[in-house]
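Build me a model:
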Amino acid sequence: MNNFKRNTAITALILLVVAVVISANYYRIRYAVDYGRSRLSDIVYNMTAPEEGSLPFPAPRYRAAYENLEPGFLHCGGVFLYRGDGAPSASSVAALALPHTRYYRSSHLARDMKKLNTSLQNKKRRTLIIPGSLSSMVENLVHRSKPVMPYVRGLYYTGITTGTVKTLKGLKSLHARGINSIVFDIKDIPGIVSYPSRVAMVKKYNLSRQYTIGNIDLFIREARKHKIYTIARIAVFRDHRLVKAAPHLAIQSKKTGGVWNRGKKELWCDPSNREVQDYNIALALELAKKGVDEIQFDYIRFPTVGKLKDAQFTYSFGVMKKEEVIAAFLKRAYEALQPFKVRLSIDIFGVVAWGKEVDIRKTGQRIELLSKYCDCISPMLYPSHFNDDFDGHSSPANRPYYFIYQGNRKVMKRLQKKGVAIRPWLQAFGWKVSRYNADYIIRQMKASHDSGARGFLFWNASNSYSTVYKALEGRNFGDSKQISKLP
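Down below sits the predicted model:
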């Protein structure tokens, strides 16, 4: 009997110790299981060789934080090091190490590296300790299912604005100001890729030089933490830097045989060129793998100004109408992005909503075709951008309710797929407006709500939103129902 009690006590003690060990190492065990699952996914991926971009299994919950380290870097335990011959500059090392740290700007990381490594300045073979390193495993932000699209109340940010510490720290206060979403530039019309991308064409032509968002992974993590819906904007076919770096990818001139519209304000890549399309899809895929909630394609059209009859196109997929070229590209992008459970939206000219064939033939934006291959359409319904006397209104800029409401309704009538959201761009600037104030913003929001749209986005090129904040002040609505109460 005594032996039985002793054995029972020992067994209970062992089970207690095991329970304590498991409890103390719960997250390590989860990491290990998830890491093993991820490795198995890679093995199956390599054996089955699916098409580029597809995932054989749902994205693992965690990923190794130090995959794809540049040569010279070493991470062990909580220590992150760089070892190199000579005396590499702290700034060059910091730029490469930044994505694996909690720093947002490489200049700040370089500053602290210098302080930490003062005693190692003169060594021929230099070892640098890198502060602020991440854990060995971090949350994988790739979506396991498509994110729920909120009733969006969003602001547009340039790459420069997005890359500031002020913007990063300000994410936590956006909800208090009535904002739940950010559209941020990945590639605007100058063609600068705003973060250090690893896409092959970006590296080949050095398209991310002068990038402004040093640690885009941290930005996405912080946005997710504060429940900010992230929309990564890519200006697709109007791309000045790519035209200058690779002239053969531009629309060509029939007359000169060189770049079409050379020397003018607008420089356009050829929308019908496979290589141009593949480049923009590759950028979108890279962002999807980083965990953004939505990719937004802007300038997904043909040019509308310049000597259009002089424009010559490659037609990599065979000769097509402009609207067929744009729709076929969007279909390719939409299908490539599906495994990553990211949403895809497009911006269209506001005037296209009125369905005039002359506008559709110029831009290539036929809503009936485009709506089949996206989750959301954002018509740019800035009242000031409609010509005077358009639709019988002498000053469209001063008729915000009419143009927002009518534009949304007209787009909705042309949709060919159920569930596609309409979410307009609203005017957050005073151009042509006789009285630009908070009331002007409120009238646009009311029109958008009344039309049945899924929220709205505010555009101000300089990212100055004081008037928008004033309009939202005291109206910290959580859903569309509260907008209907606006005056």
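
how about the strands in the stretch 101-250 of the chain?
Taking DSSP state E, counting those that start in this stretch as the test, the strands found in the stretch 101-250 of the chain are 125-129, 137-139, 152-157, 181-187, 229-235.

tell me the most buried of those strands?
Of all the strands of the stretch 101-250 of the chain, strand 181-187 carries the top mean neighbour count, a mean of 26, counting by mean count of other Cβ atoms under 10 Å. (C-beta placed from N, C-alpha, C; glycine too.)

quick one: the closest residue to Pro147 other than its chain neighbours and Ile231, what's the gap?
Leaving aside its sequence neighbours, Pro147 sits nearest to Asp293 (Cβ to Cβ, 6 or more residues apart in numbering; 4.6 Å). Distance from Asp293 to Ile231, counting by Cβ to Cβ, to the nearest Å: 7 Å.

picking up where we left off before, just give me the lowest mean pLDDT stretch among the strands of the stretch 101-250 of the chain.
Sorting the strands of the stretch 101-250 of the chain by mean pLDDT places strand 125-129 lowest, at a mean of 80.

strand partners of it, parallel vs antiparallel please.
Using DSSP bridges, strand 125-129 pairs in its sheet with strand 79-85 (antiparallel).

Same question for the helix or strand just after the partner strand: list its buried residues.
Per DSSP states H and E, strand 79-85 leads on to helix 90-97 as the next helix or strand towards the C-terminus. Across helix 90-97, burial judged by 16 or more other Cβ atoms under 10 Å covers Ala90, Val93, Ala94, Ala95, Leu96, Ala97.

surely Gly132 meets Pro99?
No - here Gly132 does not reach Pro99: they are 11.7 Å apart, not a contact under Cβ atoms under 8 Å.

neighbour-wise, which of these two wins?
Pro99 (21 against 15; other Cβ atoms under 10 Å).

Now for the more buried one: which residues touch it?
Pro99 makes contacts with Pro196, Asn215, Ile216, Asp217, Leu218, as judged by Cβ atoms under 8 Å, 6 or more residues apart in numbering.

Among those residues, which one lies nearest to Tyr440?
Ile216 (33.6 Å; Cβ to Cβ).

Show me this protein divided up by domain.
Domains of the chain are assigned by automatic domain parsing as 2-48, 66-134, 152-483.

Let me know which of the ones you listed is tucked in deepest.
Compared across the domains of the chain, domain 152-483 shows the largest average neighbour count, a mean of 19 (mean count of other Cβ under 10 Å).

Could you export the strands of the stretch 101-250 of the chain as CSV, including distance to Ala246?
As requested, these are exported to CSV (distance: least, Cβ to Cβ, whole Å):
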stretch, distance to Ala246
strand 125-129, 36
strand 137-139, 35
strand 152-157, 28
strand 181-187, 15
strand 229-235, 16
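
Of those strands, which is nearest Glu473?
strand 152-157 (13.3 Å).

Point out the other helices and strands that the closest one packs with.
Here strand 152-157 touches strand 181-187, strand 229-235, strand 455-459, going by 3 or more Cβ pairs under 8 Å, 6 or more residues apart in numbering; DSSP states H and E.

Show me the one of the domains of the chain that comes nearest Pro60.
Of all these, domain 2-48 comes closest under Cβ to Cβ, at 4.1 Å.

what's the average pLDDT for the closest one?
Per-residue scores along domain 2-48 average to 60.

residue contacts, the residue positioned nearest the centre of the chain?
In the chain, the residue lying closest to the centroid (Cα atoms, centre = their mean) is Ala232, at 1.7 Å. Going by Cβ under 8 Å, 6+ apart, Ala232 touches Phe184, Ile186, Ala284, Leu287, Val292, Glu294, Ile295, Gln296.

All set, thanks.
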